[in-house]
Every structure is written in C-alpha cells, then in structure tokens.
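1. Everything below, folded, please.
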Amino acid sequence: MNSKAPAPLSRIEQHMARIMPALPAFEVFELAARYSDEEIEAILAERRRFTDGEAYPLIGALIGDQPKGEPGPLSRDGANIFCTPLFIVCVCWIGPHWAVTASRSGTRQPWPAGTRIFVPT
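-> Below you'll find the predicted structure:
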C-alpha cells in the first residue's frame, strides 16, 4: 500500500467513532412561564443532568446543524439551556451567530417563558 495514498473512508470512520463520543439522546421542554434556575433545577430534580462531556459536544453538533439559525431544536427566539451538575449553559441566537455562555447553578437567574430546556433521556 502506498504510504501517501489517502486512508480508506471506512478506516477514517472507524477512527472517528473511537475518538468522538456518541451524542446523547435528549428531550426538549419549553417553559410556559418565567422560572429561576433554582425553580428549573427543582423541576428537573429527578432527572439526570448532562455531563460536561455530553453537553458541549451536543451543543456544538446542534449549532453545526443550524449554523445560520435554521429551524431545528435550538430556538432563535429565546434561550436554550442545558443543565450540568455545576453549570447552566445557555445558547442564544445573537445577530448572525450563536452565543454560548455558562453560569454557575443557583445564581437565581430568571428565564422567560419560551426558554427551551434540553435534558438527556
């Protein structure tokens, strides 16, 4: 085999499967009223949270699927939040791009009606 020949696609896919974690399945809920992050955490108390290793690749994949704000799981019209054990990660459409911020859980930040909450299934 020629060492300068490109690797077969199947070999690349096998390598990527080893180094890229599988994205977690998720559900999306939309807030019907204004809630603080503490109230959201109380509602989700019995649910598993995303780990950092799950949340950030998932957020990257979702943004990659909606790079120009196309319709999809992420809402352009409000906040999209992902709860991890230590942080609430917020993804928002700002102008021509997505912005991702994180705040410590328990900061009592208010989230308006229409906020989408992503949770692992």
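
2. residue ranges for the helices of the protein, please.
-> 9-19, 37-43, 52-65 (DSSP state H).

3. For the second one, list every residue counted as buried.
-> The one in question is helix 37-43. Of the residues in helix 37-43, 37, 40-41 count as buried by neighbour count, 16 or more other CB atoms under 10 Å. C-betas here are computed from N, CA, C, even on glycine.

4. Which one of those is nearest to residue 94?
-> If you rank the buried residues of helix 37-43 by distance to residue 94 using CB to CB, residue 37 comes first, at 20.1 Å.

5. Format the CA atom coordinates belonging to stretch 95-115 as CSV.
-> Backbone C-alpha positions of stretch 95-115 (Å, rounded to 0.1, in the frame of the first residue of the first chain) are rendered in CSV as follows:
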residue,chain,number,x,y,z
GLY,A,95,-27.5,38.6,15.3
PRO,A,96,-25.8,36.4,12.7
HIS,A,97,-24.4,33.8,15.1
TRP,A,98,-25.0,31.6,18.2
ALA,A,99,-23.6,32.7,21.5
VAL,A,100,-22.8,30.2,24.3
THR,A,101,-22.5,31.2,27.9
ALA,A,102,-22.4,29.3,31.2
SER,A,103,-23.3,30.4,34.7
ARG,A,104,-23.0,28.6,38.0
SER,A,105,-26.1,26.8,39.0
GLY,A,106,-28.0,28.5,41.8
THR,A,107,-27.5,32.1,40.6
ARG,A,108,-31.2,32.8,40.7
GLN,A,109,-31.2,34.0,37.1
PRO,A,110,-34.7,34.4,35.7
TRP,A,111,-35.6,32.5,32.5
PRO,A,112,-38.6,33.9,30.5
ALA,A,113,-41.5,31.9,29.1
GLY,A,114,-40.4,30.2,25.8
THR,A,115,-37.0,29.2,27.1
